[in-house]
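[1] Kindly generate the corresponding structure for this input.
(2 chains)
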Number of protein chains: 2
Amino acid sequence: MSWSEFGKRFARRTGARELMDDLGDALASDRDICMLGGGNPAHIPEIEAVFQAEIERILANEGEYRRMFANYPSPQGEERFRTSLANLFNREYGWDVTAKNIALTSGSQAGFFILFNLLAGRQPDGSFRKILLPVTPEYIGYQDLGLTEGMLTALKPTIEELEDHQFKYRLDVSNLEIGPDIGAVCISRPTNPTGNVLTDNEMEQLLSAARGAGVPLIVDNAYGMPFPQILFTDVKPVWNPDLIMCMSMSKLGLPGIRTGVIVAEESIIDAVGSVNSVLSLAVPSVGAVLLNDLVASGRILEISEKIIRPFYVAKKDKALAHIHDEFEGIDYRVHKPEGALFLWLWFPGLPISSEELYRRLRQRDVLVLSGHNFFPGLDVEWQHRDECIRMTYSQDDSQVQRGIAAIAEEVRRAWQEAR
Amino acid sequence: MSWSEFGKRFARRTGARELMDDLGDALASDRDICMLGGGNPAHIPEIEAVFQAEIERILANEGEYRRMFANYPSPQGEERFRTSLANLFNREYGWDVTAKNIALTSGSQAGFFILFNLLAGRQPDGSFRKILLPVTPEYIGYQDLGLTEGMLTALKPTIEELEDHQFKYRLDVSNLEIGPDIGAVCISRPTNPTGNVLTDNEMEQLLSAARGAGVPLIVDNAYGMPFPQILFTDVKPVWNPDLIMCMSMSKLGLPGIRTGVIVAEESIIDAVGSVNSVLSLAVPSVGAVLLNDLVASGRILEISEKIIRPFYVAKKDKALAHIHDEFEGIDYRVHKPEGALFLWLWFPGLPISSEELYRRLRQRDVLVLSGHNFFPGLDVEWQHRDECIRMTYSQDDSQVQRGIAAIAEEVRRAWQEAR
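    Just a heads-up that it's a prediction; the model follows:
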């Protein structure tokens, strides 16, 4: 088959494709694979019970059933839910938004595809604009979203060393300059893959720089407030017309329904609706109807705060403790885990590349992700890139424990080979 | 906000966007709007009961619940369902396909976005290829799918006049020439908007021409076999590696779950999976899990044949009878309704444009679609284009009846004004 330019670019094996293939293979396999690679949220029985009860209620009501399954919603997504969500933001955080500030997308990734390509790429005047990722490592899924190559540019952070084998990436303000070739700035907060939560001060610096350049700041809030609150520091959600806030229903435990949320000023939401209608006619209503009452009543905040967050805090603490046990004697650092469902491990001076470490672990049926995938758009030399891996701690404790032991063994072996 | 080239192209008001806005407004409105514009499938209580029972079963089973809601599927979509569907095709129609020949997409429209842009548009060698629509009128949703302008080209059909105010569009073989500037041929069968079902002979002519040019023939089978069977003629589904067959779950009564199906040779399916993973990480699993047992058991054929098809046959017959009653004395034709859920009305010599007729009906809270939207890529002059409207007959009988009466009144008024 002869592919178009689009085909050559998008039909190739991308990082996101490898990740999803790994995930799919592991889930389909009969082997006992230790799946620390993907971002599948945990199965939390109390949360599943809440959703099951909601679906039961919807099934028992003809109008609700039809709203969920049997009707096309409007291009920006199911309107009642968008109104409920706007009300929640206004009530809880004092924002001033309406349904016209909110669009749903076919998953959060689809939202980034739309936003990146609306705001960057080839411009009508012949120039070219990029998306700036001011703090790498950043989310692997951003890598291939551009319809044209070279749509991302990124900055190297500074590294703040902390106690207890921890560290934190910090915005390097000395490098932060937003020229006319930038169409938007984008950060994930909490950051996938590192669990970093940029400080309020860093956020203000970014927003002020973006404002100065007349471009929006996109905040990927897939793990944050008001749901699912896989966030271990105190953060008050802010929004203003210069911000584009993106959220996801996936990390509540609902990745199968594919629903992302974008909160932005009206002209952006209107544009997203238009792209939705061309690209997919409409976006799924399942999540919007499933979550509507939980959002309208504010109960979503309660289950996020009282069930989801403590669940992940406990998982994170357990995984960290295993790491400190198993890695005894290895030179290692863990990024301070402030949110999201990953630990980001750094092995300074590791004698093999993180990609080789990934392969060796895969041989042992332990799936992690090599850190080198998480520097999209960064075109400076940096050894650090090949010294890190991302591991998920959302899976069964025994799996996580086995995975951590295997990582420790392989890192030790790599050092022994090098001696 | 300053948009990129992509933004300028996709953020504008497209035909599909207007359609979806109309639909969304009408559903959200308190007014008694006669919604004959959109393609929302009917609410068939017996079918809804089948789906409700399936969902109840899934909710009661932890593994099934998680498969539906809580896990990411692989990039081509939920694998078990793809296997069940392949088995159905092989068992019922003697095809020779596996799960590797099947990809799911976030709705059928998303599948066409991917296929059109994979197969046409700017080529790596600098040339440009188009999608050929060999029989217009064709589906409005194809219009704006190209990442670059001018991606569609279309042929004018011949018109076969039939008895009883009916007619049928026919492939004009004398015009059928597939040059090197064509990347694929595409037809909807049954056709949206006309309800046309291209004959087996026409299909063979198209396939042979496409083969001769070394390009695939895309068949949009959203209304056809094996489900939902909104198809009133005898058609045996065929597939071979030169065909790309596209299906939808929407017209079963499930537009809210956004699931399309593509059956094609493996390299195409693999490419679709790659695009899925970049554009949306994964596609929804809700439909794939909901329909799995119905497909695996073959029961989907039974409910399509015994419930869905007869339902639409009765609706179509009723609507046709109303038309013949109400249009008495008007010069009108109806395209022979062989499938899909629309009637395509032609008013030869109509003194106002179909767009003006649409506006006048809209003033009366009767929504139809103007026919001029349904000739994407056709760049010849043809008065016929402005003489047709599409109306849906899937809604409540009283609505359909009121709509038909209003159409008749407005057409009569247009003729009176012209005298």
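[2] got the phi/psi numbers for the closest residue to chain B within the stretch 51-200 of chain A?
    At 2.5 Å from chain B, A:Ser74 is the closest residue in the stretch 51-200 of chain A, using Cβ to the nearest Cβ. In short, each C-beta sits where N, CA and C put it, glycine included. In terms of degrees, to the nearest 10, the main-chain angles of A:Ser74 are phi -80, psi 160.
[3] For it, grab the count of nearby residues.
    Residues near A:Ser74, counting by other Cβ atoms under 10 Å in any protein chain shown, number 25.
[4] A:Leu378 too?
    Counted with other Cβ under 10 Å, the neighbours of A:Leu378 add up to 19.
[5] So which residues on the stretch 101-250 of chain A come close to chain B?
    A:106-110, A:113, A:117-124, A:129, A:141, A:144-145, A:147, A:183, A:216 (Cβ under 8 Å from any Cβ of the partner chain).
[6] What's the ChimeraX line that selects buried ones from those?
    Applying 16 or more other Cβ atoms under 10 Å in any protein chain shown to those leaves a buried subset, and the ChimeraX line that selects it is:
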select /A:106,107,108,109,110,113,117,118,119,120,121,122,123,129,141,144,145,147,183,216
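[7] Just the ones of the residues of the stretch 101-250 of chain A next to chain B in helices?
    Per DSSP state H, helices hold the following members of those: A:108-110, A:113, A:117-119.
[8] Closest one of those to B:Thr191?
    A:Ala110 (28.8 Å; Cβ to Cβ).
[9] Can you verify my assumption that A:Val286 contacts A:Asn292?
    No: with contacts counted by Cβ atoms under 8 Å, A:Val286 stays clear of A:Asn292, the gap being 11.1 Å.
[10] which of these two has more neighbours?
    A:Val286 (28 against 24).
[11] burial count for the closest residue to that one other than its chain neighbours?
    If the residues on either side of it in the chain are set aside, A:Val286 comes closest to A:Ile257, at 4.6 Å by Cβ to Cβ, 6 or more residues apart in numbering or on different chains. By the measure other Cβ under 10 Å, the count of residues near A:Ile257 is 26.
[12] just the ones in helices among the residues of the stretch 101-250 of chain A next to chain B now: which is nearest B:Lys316?
    Using Cβ to Cβ, A:Ala110 comes nearest to B:Lys316 of those, at 35.7 Å.
[13] what's the spacing between the closest one and A:Ala103?
    Plainly put, A:Ala110 is 11 Å away from A:Ala103 if you go by Cβ to Cβ, to the nearest Å.
[14] rewinding a little: now render the ones in helices among the residues of the stretch 101-250 of chain A next to chain B as JSON lines, adding pLDDT.
    JSON lines is the format used below for those (pLDDT from 0 to 100):
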{"residue": "A:Ser108", "pLDDT": "96"}
{"residue": "A:Gln109", "pLDDT": "95"}
{"residue": "A:Ala110", "pLDDT": "96"}
{"residue": "A:Phe113", "pLDDT": "97"}
{"residue": "A:Asn117", "pLDDT": "97"}
{"residue": "A:Leu118", "pLDDT": "97"}
{"residue": "A:Leu119", "pLDDT": "97"}
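[15] how about those residues in JSON lines, adding distance to B:Ala405?
    Output for those, formatted as JSON lines (distance: Cβ to Cβ, whole Å):
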{"residue": "A:Ser108", "distance to B:Ala405": "47"}
{"residue": "A:Gln109", "distance to B:Ala405": "47"}
{"residue": "A:Ala110", "distance to B:Ala405": "42"}
{"residue": "A:Phe113", "distance to B:Ala405": "45"}
{"residue": "A:Asn117", "distance to B:Ala405": "46"}
{"residue": "A:Leu118", "distance to B:Ala405": "44"}
{"residue": "A:Leu119", "distance to B:Ala405": "48"}
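[16] any idea of the mean pLDDT in stretch A:48-64?
    Average pLDDT, stretch A:48-64: 97.
[17] Can I get that stretch in PDB? Just the C-alpha atoms.
    What follows is stretch A:48-64, C-alpha atoms only, in PDB (Å, rounded to 0.1, in the frame of the first residue of the first chain):
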ATOM      1  CA  GLU A  48     -16.200   0.300  40.700                       C
ATOM      2  CA  ALA A  49     -19.200  -0.100  43.000                       C
ATOM      3  CA  VAL A  50     -20.000   3.600  42.700                       C
ATOM      4  CA  PHE A  51     -19.900   3.500  38.900                       C
ATOM      5  CA  GLN A  52     -21.900   0.200  38.800                       C
ATOM      6  CA  ALA A  53     -24.600   1.800  40.900                       C
ATOM      7  CA  GLU A  54     -24.700   4.800  38.600                       C
ATOM      8  CA  ILE A  55     -25.000   2.600  35.500                       C
ATOM      9  CA  GLU A  56     -27.800   0.600  37.100                       C
ATOM     10  CA  ARG A  57     -29.700   3.800  37.800                       C
ATOM     11  CA  ILE A  58     -29.200   4.900  34.200                       C
ATOM     12  CA  LEU A  59     -30.300   1.600  32.700                       C
ATOM     13  CA  ALA A  60     -33.500   1.800  34.800                       C
ATOM     14  CA  ASN A  61     -34.400   5.100  33.300                       C
ATOM     15  CA  GLU A  62     -35.300   5.300  29.600                       C
ATOM     16  CA  GLY A  63     -34.400   8.900  29.100                       C
ATOM     17  CA  GLU A  64     -31.000   8.400  30.800                       C
END
